[in-house]
Each structure stands twice: as C-alpha cells, then as structure tokens.
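> Fold the following.
(one chain, ligands or ions: 1)
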Amino acid sequence: MCGIIGYCGPRQAAPILLDGLKRLEYRGYDSAGISVGINHELTVIKQTGKIHDLRVHVPAEIAGTYGIGHTRWATHGGVTNTNAHPHVDNSGKIAIVHNGIIENYTAIKKKLEEKGVEFFTETDSEVIAHLIAQNYTGDLEKAMKDTLPVLEGTYGIVCMHADEPHKLVGARNGSPLVIGVANDEMFLASDVTAILAHTKQVVYLEDGHVVTITDDEFTIVDMSDRVVNKKIDEITWDLQEIEKGDFKHFMHKEIYEQPESVVRAFRGRIDREAATARLGGLNLNSRELLDIERIKIIAAGTSFHAGLVASYMIEQTARVPCSAELASEVRYRNPIVERNTLYFAVSQSGETADTLYAMRELQRKGARVLGICNVVGSTIPRESDGGVYIHSGPEIAVASTKAFTSQITALYLFCLVMARMRHMSFESGEWYIRNLTDIPDKIAEIFNTADKMQVIAKKYCSFTDFLFLGRGINYPVALEGALKLKEISYIHAEGYSAAEIKHGPIALINEETPSVFLVPDDRLREKVVSNMKEVKARRGPLIAIATEGDMEILDIADDVFFVPKVPELFYPFIMVVPLQLLAYFCAVELKRDVDQPRNLAKSVTVE
Ligand code: F6R
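I've put the predicted structure just below:
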C-alpha cells in the first residue's frame with residue numbers, strides 16, 4: 001500500500017526520493033509525490049500514475065538536500081494530484097507524508113476549519129499537516145509530539161519544515177518506519193527496500209516513538225520525552241535481491257528462486273542426529289510443546305492457503321488437531337480461545353491488517369500466537385509471542401509465490417517437532433527430513449519443462465473462466481492456483497475440492513470452461529480421475545498436473561504437465577509451481593501488469 005521515504009544529507013534529495021519511491025512501487029499505489037527543501041522554502045510536486053509520471057514533472061534543476069516522498073494507495077478521497085502526498089499546511093512551510101488511516105479526521109477537520117484553516121484535499125492525512133502547524137512554536141519535534149495524542153487510527157508519519165532545514169521528524173503507530181543510517185546522511189522509510197541502495201544499517205522504530213533525523217544523527221524519544229536507545233540492525237539482503245536481474249518480471253524471478261528460498265527456510269533448523277527440527281524462535285520448552293492439544297492458523301490470501309496445506313500435514317503427521325481460518329473472519333466472531341491451543345499468524349509482509357488485528361484480539365483473550373513471517377522487524381513478528389522467519393528474501397511481485405512454499409516449509413518443520421515429540425519414530429523423522437530437503441531439487445526439475453506450461457498458457461489464456469480442482473492436501477493448492485490466475489491475469493477462476501464439483505460447479509462445465517486438475521499419484525488419484533471423467537463427459541477442456549510416468553492421464557486430459565514424484569504430503573510444493581507458471585505465462589500473454597496487477601497492493605494494511 002502506501003510508501004514513505006525521507007532523506008537528509010549532502011546530496012540532492014529529489015533523485016534519491018524518486019529512486020526510493022521506484023523501489024516502493026511493488027507495494028501498489030496510484031499516485032506519488034515529493035517535497036524538497038532549500039532556502040527556507042519547500043517545493044512540492046505530486047502526480048497520479050506511476051513514478052515515471054511523477055519523474056517527468058520534477059524539473060531537472062530542482063534543488064534541495066532534504067526531503068520526503070510518498071506513494072499513495074487511495075483510501076480517503078479519489079486518485080487526484082491534489083490528494084496525493086505530501087500535504088502542506090496553509091503557510092506552505094510544513095509538509096507531511098502519512099501511511100495509515102486517521103479515523104477521527106472529520107472531527108479534527110471541523111475544529112480546524114472553525115479556526116480558519118483552509119483544506120485543499122479530500123484526504124484524512126491533510127489534518128496532520130495543519131495540526132502540526134497549529135502546534136508549531138519553532139520546534140518541529142515538539143509540534144509532532146503535541147499532535148500525536150489527538151490522532152486516532154494508524155500512522156507512519158514523516159514531516160519537514162522549511163525553517164528547520166536538514167531535519168525530518170517521524171512517528172509511528174501501527175504503520176512501519178525504519179531509520180537508515182549511513183555516512184553523513186540519514187533516511188526514513190516505510191520499507192527497507194526504499195533505502196537498501198544507500199545503506200544496510202537500519203533501526204526499526206516502535207509504536208509510540210518519535211524520531212528526529214539530521215544529516216549525521218538520529219534521536220528517538222518516547223511520548224514522555226525519554227531518550228530511547230535502539231540498536232542498529234544490519235539488513236542481510238543484497239541489492240540484487242530487489243532487482244530483476246535477467247528476468248523480465250519479479251514474479252518470474254521469485255518463482256525461480258524457490259529452490260533456494262525453501263533451503264533458506266530450513267537451513268540451520270534441521271537436527272539430523274535427533275531426526276527433528278530446531279526452531280529457537282518458538283519460545284516454547286518441551287513441556288509446553290507437549291501440552292499443545294490443538295493448533296490454529298490464521299492468515300489471509302496465499303498465506304491462508306499455506307496454512308491450510310500445513311493443517312493437513314500437521315493433523316496427519318503430528319496427529320494434533322489443526323485448522324486454518326481466514327484472519328478477517330476470526331477477528332469479528334468473538335473467537336473462543338481454548339487452553340492448550342497454539343495459534344500461528346502467517347504473513348509474508350508481517351503487516352496485513354486483518355491478520356494483525358485478529359492476532360491482537362486472540363492475544364487479548366490470552367492466546368499464545370506465534371508468527372510465520374518473512375519481513376524482519378515487521379509488526380506481526382514484533383507483537384507475536386515468538387515465531388519463525390521464513391527468510392525468503394524480499395518478495396517484490398504483488399502475487400505471492402516463494403513466500404508460499406517457504407511458509408509451508410516452516411510449518412512442516414514445526415510439524416516435525418510436534419510429531420517427533422509424540423509418536424513419530426527416529427526412522428520416520430529421518431524419512432521426513434530426507435523428503436523435505438529433497439524438495440528444492442524437485443522444484444528445480446519442474447523448471448526444465450517450464451516451456452511446456454508456456455505453450456499451455458498460450459492455448460488457454462483467451463478463456464474467461466477456469467476451475468482449479470484438487471483433493472486432500474492439494475485442495476488448498478487448487479485454491480492458490482485460482483487465486484494466482486485471477487489476480488495477475490484477471491481471468492475469472494474458482495478453486496474447489498475436485499469432489500465438490502458434482503455439488504454445483506459442474507453446472508459451469510462446457511467447451512468454454514477449462515478445468516485444471518491436480519492429480520498426483522496419491523491415495524485419492526482414482527477419485528480425482530473419476531472427477532476428471534465427469535468433466536470430460538461434459539466436454540470441458542482438461543488440463544492436468546500429474547506425476548511423471550502416469551500415462552493414463554494423457555488419454556483423459558487435453559494437456560498434461562508432469563511433475564516429479566514425491567510422497568503424498570509433500571505434493572503441494574510440487575503442484576503449486578506449475579500453477580504459478582500457468583498464471584504467470586497467461587498474464588504475460590495477455591500483456592497484464594504482472595508485478596503490479598490492478599487494484600492490488602503488496603501489503604494490505606487496511607481492513
Ligand atoms: C496473493 C497475495 C495475497 C497475500 C495476502 C496476505 O498472491 O499476495 O493474497 O497473500 O494479502 O498477505 P501477507 O502474507 O503479507 O499477510
């Protein structure tokens with residue numbers, strides 16, 4: 001969703017801000033703007049569209065060595081140049097950028113208007129600029145601190161003042177802000193990708209803290225004016241990880257990164273001598289792990305599908321009841337938190353509002369919630385009671401791919417811990433580890449025939465409705481396949497359990513509705529084959545993802561994509577990759593904006 005960057009230092013700010021905004025592009029936005037300061041004046045430029053559209057409106061001669069920039073994803077007020085950030089106060093001396101939502105902005109606006117303040121935008125954020133102006137007596141940090149108690153809602157804010165050059169003041173409540181520390185220059189950003197080209201030294205700001213940066217130092221204080229000492233963290237990502245390299249799209253690159261990202265999720269966590277996993281971040285001792293009677297996974301979108309996959313594995317292998325639920329539903333149904341239930345909040349970004357708020361509600365009721373997240377320092381891992389980072393590296397494409405397989409890996413490791421503590425033998429533990437650690441090579445094998453999926457995509461991408469069908473542990477993979485296709489190619493797709501089609505969806509089947517069947521050589525193969533025949537009898541085009549060597553499927557399906565053989569419960573890793581490729585190639589064929597599909601944002605920080 002929205003993105004923030006701020007800069008103080010010796011260099012011209014505008015190119016740095018524009019470059020930072022470009023790096024934030026993946027988060028999804030509809031307009032952008034910058035403000036730079038020099039000679040007690042601010043220059044503000046805002047533009048709807050892409051960063052390129054903003055860039056052409058920024059004059060080459062623009063001067064100013066401190067400034068702020070923002071990418072906006074509209075919530076309050078239409079997508080217009082005026083509504084884009086930065087917003088300025090009536091003097092034109094103060095500019096602010098804001099991520100989040102100010103829930104009480106209408107009341108604040110009314111009061112300010114009564115005092116004669118003139119408003120220019122339809123946004124909630126503009127009130128912040130005017131409030132800071134009202135509180136300003138020559139000290140921007142103090143004005144910010146006096147403003148924050150009035151604001152209800154969520155925010156990451158950065159502001160600047162024309163009369164306090166080379167100073168930015170930031171604050172956060174529920175919306176991330178990170179300080180970038182470099183030699184003789186400082187940054188503020190909502191996401192480390194915005195500043196990675198300049199520094200790997202970062203400090204994550206906490207809710208309730210206010211930061212002031214100048215060219216060469218940063219100071220953090222709490223709302224009682226106590227100085228907060230925070231350690232500087234080192235980002236482990238490299239710049240090349242947030243660049244496309246030889247790939248045309250980030251999504252393509254990230255699909256291909258999966259052999260490596262799955263390794264990163266299990267590296268250092270497997271104890272072969274004990275045939276189990278070691279997950280230090282769980283913060284649970286053996287006694288507590290043994291006391292767990294139930295596991296519940298909460299998540300949204302693709303992360304929810306990963307949770308569903310894991311629920312099959314955990315129940316069948318660890319024999320502990322496990323279910324996955326949409327976080328957005330959990331929150332509002334007054335969830336019952338039972339004793340000895342362990343919760344997982346699964347989220348690539350660690351910022352998804354639905355998952356975060358559901359987690360907080362569960363914690364209020366006494367639940368222990370662990371995070372399975374990718375983005376280090378994001379809100380869910382910080383607020384959870386422990387958890388596991390999946391270490392996928394930055395996922396830039398809006399459509400989640402490598403995070404899915406890494407989330408499953410992390411949950412499968414947890415499953416191994418639980419199973420080995422209960423009934424799983426040493427030998428079975430070894431078998432499980434062998435199969436899990438074989439997965440990266442099996443995924444890599446799939447890429448050898450990726451061109452076949454490109455041919456399939458070309459053949460089918462002009463259809464407007466698809467069904468994705470799988471059973472057992474591959475049912476959630478069917479849901480994921482449908483989600484991938486619809487979000488990046490805009491083709492309507494539904495995911496179902498293959499068994500369910502006879503309960504309704506089969507009415508959709510005709511020559512115009514292709515079905516993608518997941519039909520591995522598992523216990524349910526014969527049942528799925530029967531479901532395929534039901535579709536074939538109704539002249540529905542059939543695409544099958546089947547285990548290599550399964551020649552019978554060639555006779556039934558119109559097109560078959562073969563995948564390597566793995567044990568039944570490991571198929572989701574292998575089944576999902578062809579579906580990611582199918583969605584990708586369809587989107588490319590249809591000339592969609594693969595990495596930034598319409599209306600979507602990478603991290604959904606609103607409910
Ligand atoms: C789908 C997709 C979304 C996210 C969902 C949750 O490709 O990216 O469905 O999976 O918004 O996001 P996280 O995992 O960041 O909580």
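
> CA atoms for contacts and neighbours, from now on please.
OK.

> name the helices or strands packed onto the strand or helix carrying Leu485?
Secondary structure assignment for Leu485, by DSSP states H and E: helix 475-489. Packing contacts for helix 475-489, counted by 3 or more C-alpha pairs under 8 Å, 6 or more residues apart in numbering; DSSP states H and E, involve helix 301-313, strand 465-470, strand 492-497, helix 571-589.

> got the angle for the third one vs strand 465-470?
Interaxial angle, strand 492-497 versus strand 465-470 (axes from the mean of the first three to the mean of the last three C-alpha atoms, to 10 degrees): 20 degrees.

> And whichever helix or strand comes after strand 492-497, how far out from the chain middle?
Later in the chain than strand 492-497, the nearest helix or strand by DSSP H and E is strand 515-519. Its chain's average C-alpha position is 27 Å from that of strand 515-519, according to C-alpha atoms, centre = their mean, to the nearest Å.

> now stretch 436-446
That offset, for stretch 436-446, works out to 24 Å (C-alpha atoms, centre = their mean).

> Going by neighbour count, which residues of it are buried?
436-437, 439-440, 442-444, 446 (16 or more other C-alpha atoms under 10 Å).

> Pick the one among the residues you listed closest to the ligand.
Set against the ligand, the nearest of these by C-alpha to the nearest ligand atom is Ile443 (19.0 Å).

> Can you tell me the SS state at that closest one?
helix (DSSP: H, G, I helix; E, B strand; the rest coil).

> mind checking the backbone torsions on Gly138?
phi 100, psi 0 (degrees, to the nearest 10).

> Would you reformat the helices and strands packed on helix 475-489 as TSV and include distance to Val88, mean pLDDT and mean neighbour count?
Listed next are the helices and strands packed on helix 475-489 as TSV, based on distance: least, C-alpha to C-alpha, whole Å; pLDDT from 0 to 100; neighbours: other C-alpha atoms under 10 Å:
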stretch	distance to Val88	mean pLDDT	mean neighbour count
helix 301-313	37	98	26
strand 465-470	47	98	25
strand 492-497	42	97	20
helix 571-589	40	98	25
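
> Out of those, flag the one nearest Arg422.
Nearest to Arg422, of all the helices and strands packed on helix 475-489, is helix 301-313, at 14.7 Å by C-alpha to C-alpha.

> In space, what's closest to the residue nearest the centre of the chain - neighbours in sequence excluded?
Closest to where the C-alpha atoms of the chain average out (C-alpha atoms, centre = their mean) is Ser349, at 3.5 Å. In this structure, Ser349 finds its nearest non-sequential neighbour in Val375, 5.4 Å apart by C-alpha to C-alpha, 6 or more residues apart in numbering.

> The one you found touches Gln348, doesn't it?
Yes - counting by C-alpha atoms under 8 Å, Gln348 is a contact partner of Val375 at 6.5 Å.

> Looking at these two, which has the bigger crowd around it?
The neighbour comparison of Val375 against Gln348 (other C-alpha atoms under 10 Å) goes to Gln348, with 32 against 23.

> For the buried residues of stretch 436-446, could you give me TSV that also reports distance to Ser428 and pLDDT?
Shown next, in TSV, are the buried residues of stretch 436-446 (distance: C-alpha to C-alpha, whole Å; pLDDT from 0 to 100):
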residue	distance to Ser428	pLDDT
Leu436	12	98
Thr437	14	98
Ile439	17	98
Pro440	20	98
Lys442	20	98
Ile443	23	98
Ala444	25	98
Ile446	27	98
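
> got JSON lines for those residues, with distance to the ligand too?
JSON lines is the format used below for the buried residues of stretch 436-446 (distance: C-alpha to the nearest ligand atom, whole Å):
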{"residue": "Leu436", "distance to the ligand": "22"}
{"residue": "Thr437", "distance to the ligand": "24"}
{"residue": "Ile439", "distance to the ligand": "21"}
{"residue": "Pro440", "distance to the ligand": "21"}
{"residue": "Lys442", "distance to the ligand": "22"}
{"residue": "Ile443", "distance to the ligand": "19"}
{"residue": "Ala444", "distance to the ligand": "21"}
{"residue": "Ile446", "distance to the ligand": "20"}
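
> with those residues in mind, which one is nearest to Met144?
Pro440 (49.5 Å).

> which SS class is that closest one?
Quick answer, by three-state DSSP: Pro440 is helix.

> got a list of what it touches?
Going by C-alpha atoms under 8 Å, 6 or more residues apart in numbering, Pro440 touches 258-260, 262-263.

> what's the closest of those to the ligand?
Closest to the ligand, out of all of the contacts of Pro440 and judged by C-alpha to the nearest ligand atom, is Gln258, at 14.9 Å.

> Now the closest one. Nearest residue, chain neighbours left out?
Leaving aside its sequence neighbours, Gln258 sits nearest to Lys402 (C-alpha to C-alpha, 6+ apart; 5.4 Å).

> dump the residue contacts of that neighbour.
So Lys402 contacts 254-255, 257-258, 261-262, 392, 395 (C-alpha under 8 Å, 6+ apart).

> what separates Leu436 from Ile195, distance-wise?
Computed as C-alpha to C-alpha, to the nearest Å, the Leu436 to Ile195 distance reads 35 Å.

> Residues of the stretch 351-500 of the chain that sit close to the ligand?
Contact residues, the stretch 351-500 of the chain versus the ligand (C-alpha under 6 Å from any ligand atom): 352, 398-400, 484.

> who does whichever strand or helix holds Ala129 touch, helix- and strand-wise?
Applying DSSP H and E as the criterion places Ala129 in helix 126-135. Judged by 3+ C-alpha pairs under 8 Å, 6+ apart, the packing partners of helix 126-135 are strand 87-88, strand 94-102, helix 105-114, helix 140-147.
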